[in-house]
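[1] Got a sequence here, can you model it:
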Amino acid sequence: MSRISAQHVLPLVCLLVTTGCAAAPGTPDTVSIATWNAEWMIEPATFEALAATCTPREVRVTGETRSIPCDLIGRTQWEETDLVRLRDFVASLPIDVVALQEVDGAATAAVLFPGWSACFTRREHVQNVGIVAKPGIPMRCNEDYSALGLPENTVRWGVDVSLFPDTPQETRLLGVHLKSGCNRDSLASEREACTVLQRQVPVLEAWIDARAGAGERFAVLGDFNRRFDLETGEGRDDQGRTVSMWPELDDAEPAGADLTHFDTGPGPEPCRPGDPIRQAIDFIVIGESLLPSVVTGSYRMWTYPRDDARWPDHCLRSLTLNLGSTP
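    Presented below is the predicted three-dimensional model:
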């Protein structure tokens, strides 16, 4: 039964902005983890170069291609002043580890998180998934979970890391950015976006089940592109087809795969000024063995400053864990 609260080891791309690949030692009990879709986060000079060879929206681009859709030009380009503002914003937040989506790799993430260590998927595409950790938070980059891209490799891979590896606080995190375009329809819909997302569900569930089966503490963070609040029925229909993501993932099989996601529902105001109030599609999903570590009441959606500046179109959401509270 789902519960919604109110409130493999090979190197990936690992970078500490100025000093190499190892984060500073330390195993603090309390760590705040977050997820943030930074909306086509590409450095300005790179964006300008890619704009010269942009791809029409109707042309399919695979993960091995560095290209941007032509309709992004003049609409989603970040300027240097924007990056400074975003860097200052995240520096003001009490967060230690962030799962990032739509970021052009570790070097771009370093502009927003200077001095943090980073693990990023190694797709050539400009949209990658990564996890960054503040200095003092040891993090090991595990193997890309490339299976989430499906055999055709047109959707984003998962980034797999271990926080505090080889210590009693060790916790496995998977950062994801699943297929967009089917956030409320049945996954059994014949629409292509729904078909792709439906195929990603068992791949994601396989990672979750492997962690649960191994008795590991784990969480999945990111942009699921799915309205979990609408998924109140069964995960499969009478024909055995997957129709809903959350009930299918949260089936409590094997033992330890009973999941919890954190979402307060629509707040009194949107995170970005001028936006309508929306239900979440970005989540922090906690495995059963990690649940006792969650600090009660710590889940939060952060609002951007109420000004006329440009901000990403997704909210940054965080949750605090006390990793010293469980064996």
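[2] make it CA atoms for all contacts and neighbour counts henceforth
    Fine.
[3] And for the spatially closest residue to Leu249 that is not a sequence neighbour, the neighbour number?
    Of all residues not flanking Leu249 in the chain, Glu205 sits nearest, at 5.7 Å (Cα to Cα, 6 or more residues apart in numbering). Glu205 has 18 neighbouring residues, counting by other Cα atoms under 10 Å.
[4] Counting by contacts, list what the helix or strand Glu205 falls within packs against.
    Assigned by DSSP states H and E, Glu205 falls within helix 192-213. With contacts defined as 3 or more Cα pairs under 8 Å, 6 or more residues apart in numbering; DSSP states H and E, the packing partners of helix 192-213 are helix 245-249.
[5] what residue ranges in this protein score low on pLDDT?
    Low-confidence segments of the chain (pLDDT under 70): 1-27, 264, 325-327.
[6] Can you list the residue ranges for strands in it?
    Remark: strands assigned in the chain by DSSP state E are 3-5, 13-16, 30-41, 97-103, 117-120, 128-133, 139-141, 159-163, 171-177, 218-223, 260-262, 282-286, 300-302, 316-322.
[7] Touching, Ser146 and Val155? I think so.
    No - Ser146 is not in contact with Val155 according to Cα atoms under 8 Å; the separation is 9.4 Å.
[8] Please identify which of these two sits among more neighbours.
    Under the criterion of other Cα under 10 Å, the comparison of Ser146 against Val155 puts Val155 first, with 25 against 19.
[9] sorry, back to before: other residues contacting the helix holding Glu205?
    147-150, 178-182, 185-189, 217-218, 242-243, 245, 248-249, 253-257, 287 (Cα atoms under 8 Å, 6 or more residues apart in numbering).
[10] Name the residues of that helix that are buried.
    Within helix 192-213, the residues scored as buried using 16 or more other Cα atoms under 10 Å are 193-205, 207-209, 211-212.
[11] Restrict that helix to CA atoms and write it as CSV.
    Extracted in CSV, the C-alpha atoms of helix 192-213 (Å, rounded to 0.1, in the frame of the first residue of the first chain):
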residue,chain,number,x,y,z
GLU,A,192,4.2,7.3,-28.3
ALA,A,193,5.2,9.2,-25.1
CYS,A,194,3.0,7.0,-23.0
THR,A,195,4.4,3.8,-24.7
VAL,A,196,8.0,4.9,-24.0
LEU,A,197,7.3,5.8,-20.4
GLN,A,198,5.5,2.5,-19.9
ARG,A,199,8.6,0.7,-21.1
GLN,A,200,10.8,2.6,-18.6
VAL,A,201,8.7,1.6,-15.6
PRO,A,202,10.0,-2.1,-15.3
VAL,A,203,13.5,-0.8,-15.9
LEU,A,204,13.3,1.6,-13.0
GLU,A,205,11.5,-1.0,-10.9
ALA,A,206,14.4,-3.5,-11.6
TRP,A,207,16.9,-1.0,-10.0
ILE,A,208,14.6,-0.5,-7.0
ASP,A,209,14.1,-4.2,-6.5
ALA,A,210,17.8,-4.9,-6.8
ARG,A,211,18.5,-2.4,-4.0
ALA,A,212,15.7,-3.7,-1.8
GLY,A,213,16.8,-7.3,-2.4
